[in-house]
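[1] How does the following fold in three dimensions:
(2 chains, ligands or ions: 2)
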Amino acid sequence: MDFRRKTRARVVRKPQYENLEIKYPHNVALYRTPPIEDIKINEFEDLALERLKVLRILEQANSKNLRFLSDEWKESVNTELNREGLRGYLRLCMGNSVNPSTDSNKYEQELQARRRDYISHFILRLAYCRTEELKRWFLTREMELFKYKFSSMSSTDIKHFLELNKLEYVPLNDSQKDSVKDGLYESTVGQSISKIEMLDFYKVPFTQVLDLVRTRRCYLKNGFAYVNTHDFVSIIAVIQLNEIEHGLQSAQKLIREVEADERIFHLLKSLHTSYTGKDYALNKEGIVSPESLDQLSKKSFPICMRGCHEYLRTNHHLKHGGRMQYGLFLKGIGVTLEDSLRFFREEFTKKIDAEQFTKRYEYNIYHNYGKKGSMISYTPYSCLKIIQENAVQDDCRGCPYKTNDASMLKVKLASYGLSSAHVQEVMGYVSKGHYQLACGKYFQIMHDSPVELGVHHPNQYFEESQNVMGNRSTKKLSNTKQANRNRRGGPENAQVMNADEDDELWNTAETQESTYNSMQAEKSAWNEDLDLTHIDC
Amino acid sequence: MPEEETSTVNTAKYDPNILPDMLPVYYKRLFPHKPFYRWLSYGLSESNIFANREFSYTLHDDIYIRYRCYDTQSELENDICSTCPHKIDIGAVMNTKPKNFRITSTAMQPVQRELVFDIDMDDYNDVRTCCTGATVCLKCWKFMALAARLLDAALREDFGFEHILWVFSGRRGVHGWVCDYDARHLDSRGRSALAEYLQITSNVTINGVVIARVQIGERMHHSVRRALKFIEPLFEEIVLEDQNLFGDVKGVNKLLLMIPDDTARKDLEAYLKKTHDDGVHSRTIWATFVRYANSMRTGTANVWTRKLKNIVEEIQLGILYPRLDINVTKGMNHLLKSPFCIHPGTGKVCVPFNCNAAAKFDPTTVPNIAQLLQEINAFDDKSKCQENGSEDKSRIKDYKKTGMFKGVVVFEEFLRKLESSLKAKAIDVSDQTMEF
Ligand code: SF4
Ligand SMILES: [Zn+2]
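    Ligands and ions are numbered 1, 2, ... in the order given. Presented below is the predicted three-dimensional model:
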């Protein structure tokens, strides 16, 4: 049933298992003490990336505008967790504990999941303690994860949790409850009157449940909030929040020591920008010819790429950073290696001679496609990475919303056909530093239709744009399709003679197949696996 | 309390150009230095509570100086009298002396600060027809008075605060200072949650018109119910009579835009058009609207019985619920103009007022600095004629001789309560320590 990469399989021996139970006694942890355990660098990285994926999934659910912890929200998160093979986390989030005596196998897996959760949290603290911005992001995501886990606990679970963590809260007795009952009926949001009669209520200083206060979800009197068991999470969340905030501060002090190891240093430093989302390394939809780029760049490129394209067309040159950014993007939308070489050669040789081009630049393009050097096929840059580049203004590299100064950006947007009101709208986001939102707005204006998930990757921008245009103006799309088809004839005919091209196609075919397979597998997994019996951690 | 003011209507004109000449006298003779210090020293109940407080001043030509601080009352008094600031702002109590912030190694941070509120008449421009811009009349003031009373009740009942000072800002706004220990020590997260709790309206812009909307939801939260208790009885007087808000096409349009549902709005619009000519009195429009809404919401299930079932209440709240500048409240380090400053534009004193009697407070008769100086001169002259050197009489505090008197009385009453609760607390603490 397991359709994921097998790299994580591990054998668990009995003593370790018992040990785990003591170390990780509950599905929901407050992460109070750092784990003491030696782990290998590979696992270190593995755990970190895994958690990062989880947090990114939460972030994504957020950007879909789903109400936090609503059924749709949960469904979306669960589906993603499942898709990414993060079923250990899924299990922790769904809160259905197994009975250790009847199902020791599953119980072991649960313990392993707890361990991964626990250790990875502390690893990410190291990666996210370096700037206020990173801290904020991490804290927000971790709190979402915590609340999700907490919300799935049964009342017995909660009791156990409170005991383990030595948190003593005593509910109001009947007469105390009776004295405030009108207020409770009126102001306890999310519970029916009859439920309110049954529920336990706790009286706490309002500062302990600020999120309930903020949204007027509980009764408040004289500085005290009256909180029911279901909203209890708010109280614990504050404790957890303080715990993590505190932990981030301590991590900051520790960081130098940890980073003495260079591998860890690099890993931690680039963690947040490492890309864990959809793999845009190879385009699956079709092949795009360089001839169509002029038109596509106007319609379907985000401005970071449109800028590169136009710069290249007018100046017949792109610096290294720009070549990487744009070259990989082109690869991602479906420009073949061959076409890429031709495209860059045609432009560059307007300024330099062909020999120079071959000497100085060709390698670079092969490299992008994984045909030279390390042979790694590079992934197109995500917005996160592009935005974080320290690009200078005259370079094409970077996200223009960030690198361009306001007046220049305004001129640029206007020249792309935005009305001044629209320019203002986009600039509104820019001025607050919300570059990706600005980009999403731009998309919406250009396409008359919003980007569903927000912009997080230039290639995603491109794909969404193509989708929207497919729906909106069939005529235009069929043109491009036509163009594609025409072009496709070329390389396909050439495939016999060109080994590289051959590889390329193989890869494409392979990826397509595996995507299909995993989709199929997932479908069935989702049906059969709902009870989480077949977890292979 | 004596009947002395209002006896003669003092009409001295205020001229901003001579403000710099009047300020020295004002600070020397009228500014209530002693009570002011009593307030900000909080009985010296916490260490450095006064010494680390930031004061900042605006001088002539908008020169702005920050990070002033003082060890004693007389230091503060002397500095105010010698700098004669056009405006005094009160900041937070810092973890170190603010004036040393450049030379200390640790970063300066606020450790406590009154919880403050700022309500500005500007935010009511879309619902007042009596005045525009900077002018303010008794009718406008009703918005402010209601806002202050409503917030005061919420802060007391829901949050348990007791020591709240309400101050007229000198032109058209109102400032609230919550001075309880717990309020002063609330961190910025707490402040922002509290501010958002109190902000039940949200602004939407439709066709360039800003509309304050409220959504009550399934059950009415007790804080919203209380707000309605304040608002409902005054709605007719303020909105329908004084402002006649729906008395023209624009006003009716405003009413329509407050309905958050396009179809329902169009239906209502058609109904109102059919029933009334343009320009009928607000009272009539409102009555028709309420009747229409009620009949719709008791009918068969439709948008009025669901989404719009509280629409009448929601509109009342939307118009009259306090419109807060919550950013002022959220920050711990926000500077706010001190009570008893002179508003440089109007020359009026920022006087505290009694919130329970807010409706009786009249901002138009708050004295300006020119009047005040005239009043003490007149008093001096009179006492010179009548008295033959009775030393005692000249010891009467000068502000007691002027129209500022009431404001100072309100302030002193606030201080008396504050100090007695601080004392009670101190006794509490010493009792506890004795037990061990
Ligand atoms: S937000 Fe992303 S896609 Fe948009 S311009 Fe910036 S980097 Fe490019
Ligand atoms: Zn007025």
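[2] Residue A:209 and residue A:218 touch, don't they?
    Yes. Between residue A:209 and residue A:218 there is a contact under CB atoms under 8 Å: 6.7 Å. Where you see a C-beta, it was placed from the backbone N, CA and C, and this is true even at glycine.
[3] list the residues that contact both of these two?
    Contact criterion CB atoms under 8 Å, 6 or more residues apart in numbering or on different chains; residues shared by residue A:209 and residue A:218: A:225, A:227, A:231.
[4] Identify, from the residues you listed, the entry nearest to residue A:388.
    residue A:231 (38.0 Å; CB to CB).
[5] Relative to ligand 2, how far out is that closest one?
    From residue A:231 across to ligand 2, the span is 44 Å (CB to the ion, to the nearest Å).
[6] Out of the shared contacts of residue A:209 and residue A:218, name the ones that lie in helices.
    Applying DSSP state H to the shared contacts of residue A:209 and residue A:218, no entry is found in helices.
[7] for residue B:91, helix, strand, or coil?
    Under the three-state scheme (DSSP: H, G, I helix; E, B strand; the rest coil), residue B:91 adopts strand.
[8] who's in contact with the residue of the stretch 401-537 of chain A found nearest ligand 1?
    Of all residues in the stretch 401-537 of chain A, residue A:439 sits closest to ligand 1, at 3.1 Å by CB to the nearest ligand atom. Applying CB under 8 Å, 6+ apart to residue A:439 gives the contacts A:302, A:303, A:383, A:399, A:401, A:455, A:461.
[9] Not counting its neighbours along the chain, what's nearest the residue in chain A that ligand 2 sits nearest to?
    Nearest residue of chain A to ligand 2, counting by CB to the ion: residue A:216, 31.7 Å away. Closest residue in space to residue A:216, ignoring its immediate chain neighbours: residue B:221 at 4.8 Å, by CB to CB, 6 or more residues apart in numbering or on different chains.
[10] Surely that neighbour and residue A:213 touch.
    No. Between residue B:221 and residue A:213 there is no contact under CB under 8 Å: 11.2 Å.
[11] Would you enumerate the residues in contact with the spatially most central residue of chain B?
    The C-alpha lying nearest the average C-alpha coordinate of chain B belongs to residue B:174 (CA atoms, centre = their mean; 2.3 Å). For residue B:174, the contact set (CB under 8 Å, 6+ apart) comprises B:117, B:118, B:119, B:144, B:147, B:148, B:166, B:167, B:168.
[12] show me what contacts residue A:168?
    residue A:162.
[13] That one in helix, strand or coil?
    coil.
[14] re earlier: tell me how far the residue of the stretch 401-537 of chain A closest to ligand 1 lies from residue B:63.
    Computed as CB to CB, to the nearest Å, the residue A:439 to residue B:63 distance reads 43 Å.
[15] Outline the domain layout of the chain.
    Looking at chain A here, since you left the chain open. Annotated domains of chain A cover A:2-163+A:238-274, A:167-236, A:290-526 [automatic domain parsing].
[16] try chain B instead
    If you go by automatic domain parsing, chain B breaks into B:3-195+B:325-432, B:219-320.
[17] any idea how far chain B is from the residue of the stretch 401-537 of chain A closest to ligand 1?
    Going from residue A:439 to chain B by CB to the nearest CB, to the nearest Å gives 23 Å.
[18] Then residue A:462?
    33 Å.
[19] helices and strands around the helix or strand where that residue lies, which ones?
    If you go by DSSP states H and E, residue A:462 is part of helix A:458-472. Judged by 3 or more CB pairs under 8 Å, 6 or more residues apart in numbering or on different chains; DSSP states H and E, helix A:458-472 is in contact with helix A:293-300, helix A:303-315, helix A:320-333, helix A:435-447, helix A:474-494.
[20] tally of neighbours for residue A:245?
    Other residues within reach of residue A:245, judged by other CB atoms under 10 Å in any protein chain shown, total 11.
[21] check contacts around it.
    Residue A:245 touches A:135, A:139, counting by CB under 8 Å, 6+ apart.
[22] show me what contacts the closest residue to residue B:16 other than its chain neighbours?
    Nearest non-adjacent residue to residue B:16, counting by CB to CB, 6+ apart: residue B:344, 6.4 Å away. Each residue near residue B:344 by CB under 8 Å, 6+ apart is listed here: B:16, B:19, B:86, B:87.
[23] Next one: the second one from residue A:178, what distance?
    Relative to residue A:178, residue B:19 is positioned 60 Å away (criterion: CB to CB).
[24] out of the two, which sits in the busier spot?
    residue B:19 (20 against 11).
[25] surely that one meets residue B:343?
    No. With contacts counted by CB under 8 Å, residue B:19 stays clear of residue B:343, the gap being 10.1 Å.
[26] re earlier: out of the domains of chain A, which gets nearest to residue B:425?
    domain A:167-236 (15.0 Å).
[27] same question for the closest one, mean pLDDT?
    Mean pLDDT, computed over domain A:167-236, is 90.
[28] Start and end of that domain, how far apart?
    Domain A:167-236 has an end-to-end distance of 9 Å (CA to CA, to the nearest Å).
[29] Same check on stretch A:445-465?
    End to end - CA to CA - stretch A:445-465 spans 12 Å.
[30] Pull out the buried residues from that stretch.
    In terms of neighbour count (16 or more other CB atoms under 10 Å in any protein chain shown), stretch A:445-465 has its buried residues at A:445-447, A:449, A:451, A:454-465.
[31] do the same with stretch A:23-41
    Applying 16+ other CB under 10 Å to stretch A:23-41 flags A:23, A:24, A:26, A:27, A:28, A:29, A:30, A:31 as buried.
[32] Among the residues you listed, which lie within helices?
    Going by DSSP H, the helices hold residue A:23 from the buried residues of stretch A:23-41.
[33] Make TSV from the buried residues of stretch A:23-41 and add pLDDT to it.
    Formatted as TSV, the buried residues of stretch A:23-41 follow (pLDDT from 0 to 100):
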residue	pLDDT
A:23	85
A:24	87
A:26	88
A:27	86
A:28	89
A:29	89
A:30	90
A:31	92
